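In: need a structure here:
(one chain, ligands or ions: 1)
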Amino acid sequence: MSRFTDILMEIGTIGKNEDGSITRIGFSEDYKQAVALTKKYMEEAGFTTEIDTVYNLHGYLPGTDPNTKSIVIGSHLDTVIKGGIFDGCLGVCAGIEVANRLKEEGIKLRHPLELWGFNMEESSPLGGTFGSRCVAGMVDINAEGYKERLEKYGITPEDILAARRDVSEYACYLEYHIEQGDKLFNEGIDIGVVSGIVSIIRYDIIAHGISNHAGTTMMANRKDALVGMSKLIVKANALAKELDDTLVATIGKINVSPGQENVIPNEVVATLEVRHMEPSVIDEYIRLIKKHAAEIPDAEFTFQNTVSKYSTPCDSTLIETIKKVCEEAGISHVVMPSGAGHDANPMAHAGVPIGMIFVPSKDGLSHCGAEWTEMHHCDIGVDILYRTVLALDELMV
Ligand SMILES: [Zn+2]
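Out: Numbers count the residues shown, from 1 in each chain. Purely as a prediction, here's the structure:
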């Protein structure tokens, strides 16, 4: 265990359940306890700290050059219900280690260094990446029923507005996170240099058939919407595998009407979610799925686009810097997209150049008690983050 992993284990296990998993929902007492302990370690490392109006934690370490903008390190301190130790907490604790190491080595950065621990990154009634969207000014306080939802957490629309920061004040945003997928673990690679956060496109696919008596309608004469949808689901899965290595497509929800044992289904609605870094690959996939759907004899299909969240590329200078740091340190690495959303996403949308560093998740598991990253990988990642901060301090204006 290192100084870094000791702190990570202490903060990361706040909210531990009997089965070993962690529950530290945004705004909960356990979350606030984690904020308090993180704040204490941040202050010991030299940061001045502040808890903002939506319970994000901010730390500030001054630089030597007053004309420079801050380098920000950030991630989140909340977890899902029955989540793990590393998701989010790793990146916040890493910022403390960066400051401790600067102090230990007697290095003063030219740029101010800021460390942000965000509240409620995980999905909630307030929407995912809540804390970072507040900072980026991306929360729609006028959305229907939003004020009432905020009240349940003891905050007001004014609190949301007060948490906003002028992101043009920041040089860049760095997030160090577990991969939450199995690529690095399976391929035995130490570091993922993130190219960007993938696009997420969702459709409702509706299969239209004809309802009739399940006993008297002969097989040759049926228009069974569920049989049609089943064929499309199998095709959707195979096509995603064929088209591109990093394309993922999921049909995760299905609704059958009228949903009775003795009636041929006349309508099936299924959700299709597709993720990839390049919107053009997703477009091609959707085009092919629609073409195949038209050839399925059992049902007529219609497609309704419900969600289009376009990809967020990481900054090319930051990608190159992290790659170079890995090369110089002799650490195996690969440039790869992030299939999951992160706090870096709202930061990028607000105009801050973002860079992300991934370390392997054992068996690709996350959002569960079995979420694990080997201690030596945690240490490699924080070392790469530290070296990246030093390199950017020289490189950036
Ligand atoms: Zn996370």
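
In: isn't T5 right up against H376?
Out: No. Contact between T5 and H376 fails when scored by CB atoms under 8 Å: they sit 9.2 Å apart. Just so you know, the C-beta spots here come from the backbone N, C-alpha and C atoms, and that holds for glycine as well.

In: Neighbour count: the two, which is higher?
Out: T5 (20 against 12; other CB atoms under 10 Å).

In: So for that one, what's the nearest residue that isn't a sequence neighbour?
Out: Closest residue to T5 apart from its sequence neighbours, by CB to CB, 6 or more residues apart in numbering: M375 at 5.0 Å.

In: can you count the residues close to that neighbour?
Out: By the criterion of other CB under 10 Å, M375 has 15 neighbours.

In: In terms of pLDDT, where does it sit?
Out: Per-residue pLDDT puts M375 at 98.

In: likewise F358?
Out: F358 is given a pLDDT of 98.

In: again with V167
Out: On pLDDT, V167 comes in at 84.

In: Equivalent analysis for D244, please.
Out: On the pLDDT scale, D244 is placed at 95.

In: Does it touch R275 like I think?
Out: No. D244 is beyond contact range of R275, at 11.0 Å (criterion: CB under 8 Å).

In: how's this protein carved up into domains?
Out: With domains defined by automatic domain parsing, the chain comprises 3-197+312-395, 199-309.

In: State which one residue of the stretch 201-350 of the chain is found closest to the ion.
Out: Closest approach of the stretch 201-350 of the chain to the ion (CB to the ion) occurs at H342, with a separation of 6.0 Å.

In: Could you list which residues are in contact with that residue?
Out: Residues near H342 by CB atoms under 8 Å, 6 or more residues apart in numbering: 75, 121, 129, 175, 177, 197, 356.

In: what's the distance between the closest residue to the last one other than its chain neighbours and the ion?
Out: Setting aside the residues directly before and after it, M356 is nearest to V194 in space (CB to CB, 6+ apart), at 3.6 Å. For V194, the distance to the ion under the criterion CB to the ion, to the nearest Å works out to 13 Å.

In: With I384 instead?
Out: Separation of I384 from the ion (CB to the ion) stands at 18 Å.

In: Can you pull the phi/psi pair for that residue?
Out: Dihedral angles phi and psi of I384 (degrees, to the nearest 10) take the values phi -70, psi -40.

In: What count of nearby residues applies to Y203?
Out: Neighbours of Y203 under the rule other CB under 10 Å: 21.

In: Settle this for me: it is touching K290, isn't it.
Out: No. Counting by CB under 8 Å, Y203 does not reach K290; the two are 9.7 Å apart.

In: between those two, what contacts are shared?
Out: Taking CB under 8 Å, 6+ apart as the criterion, Y203 and K290 both touch F303.

In: What segments of the stretch 1-150 of the chain are helices?
Out: 3-12, 29-44, 89-104, 130-136, 146-151 (DSSP state H, counting those that start in this stretch).

In: Kindly spell out which helices and strands sit in contact with the shortest one.
Out: Okay, so that is helix 146-151. The contact analysis (3 or more CB pairs under 8 Å, 6 or more residues apart in numbering; DSSP states H and E) places helix 146-151 against helix 157-162.

In: mean confidence for the helix it packs on?
Out: Mean per-residue pLDDT for helix 157-162: 97.

In: Nearest spatial neighbour of G127, chain-adjacent residues omitted?
Out: Spatial nearest neighbour of G127, excluding adjacent residues (CB to CB, 6+ apart): R133 at 7.1 Å.

In: Which one of D244 and R275 is surrounded by more residues?
Out: Neighbours were counted for D244 and for R275 using other CB under 10 Å; R275 has more, 24 against 15.

In: who's the more buried one bridged to?
Out: I200, V248 (DSSP bridges).

In: circling back: okay if I get the contacts of H342 as JSON lines plus neighbour count and distance to the ion?
Out: Formatted as JSON lines, the contacts of H342 follow (neighbours: other CB atoms under 10 Å; distance: CB to the ion, whole Å):
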{"residue": "S75", "neighbour count": "27", "distance to the ion": "7"}
{"residue": "E121", "neighbour count": "28", "distance to the ion": "6"}
{"residue": "T129", "neighbour count": "25", "distance to the ion": "9"}
{"residue": "E175", "neighbour count": "32", "distance to the ion": "9"}
{"residue": "H177", "neighbour count": "27", "distance to the ion": "6"}
{"residue": "I197", "neighbour count": "25", "distance to the ion": "12"}
{"residue": "M356", "neighbour count": "25", "distance to the ion": "11"}
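
In: picking up where we left off before, which residues does the helix or strand that contains the residue nearest to M356 contact?
Out: Assessed by DSSP states H and E, V194 sits inside strand 191-197. Applying CB under 8 Å, 6+ apart, the contact partners of strand 191-197 are 179, 183-184, 277, 311-314, 319, 322-323, 326, 331-338, 340-342, 344-345, 348, 355-359, 380-381, 384.

In: same deal with stretch 22-34?
Out: Contacts of stretch 22-34 from elsewhere in the structure, counted by CB under 8 Å, 6+ apart, are 11-17, 55, 77-85, 89, 119-122, 124, 126, 130-131, 153-154, 369.

In: Can I have the buried ones of the residues you listed as a ChimeraX selection?
Out: Selection of buried members from these for ChimeraX, criterion 16 or more other CB atoms under 10 Å:
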select :11,12,14,15,55,77,78,79,80,83,84,85,89,119,120,121,122,124,126,130,131,153,369
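
In: Could you pull up phi and psi at the residue nearest to T5?
Out: Backbone torsions of M375, given as degrees, to the nearest 10, read phi -60, psi -40.

In: so how far is the ion from it?
Out: Distance, M375 to the ion, by CB to the ion: 19 Å.

In: and that residue, what does it touch?
Out: 1-2, 5.

In: could those go into JSON lines alongside pLDDT and distance to the ion?
Out: Formatted as JSON lines, those follow (pLDDT from 0 to 100; distance: CB to the ion, whole Å):
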{"residue": "M1", "pLDDT": "91", "distance to the ion": "23"}
{"residue": "S2", "pLDDT": "96", "distance to the ion": "22"}
{"residue": "T5", "pLDDT": "98", "distance to the ion": "18"}
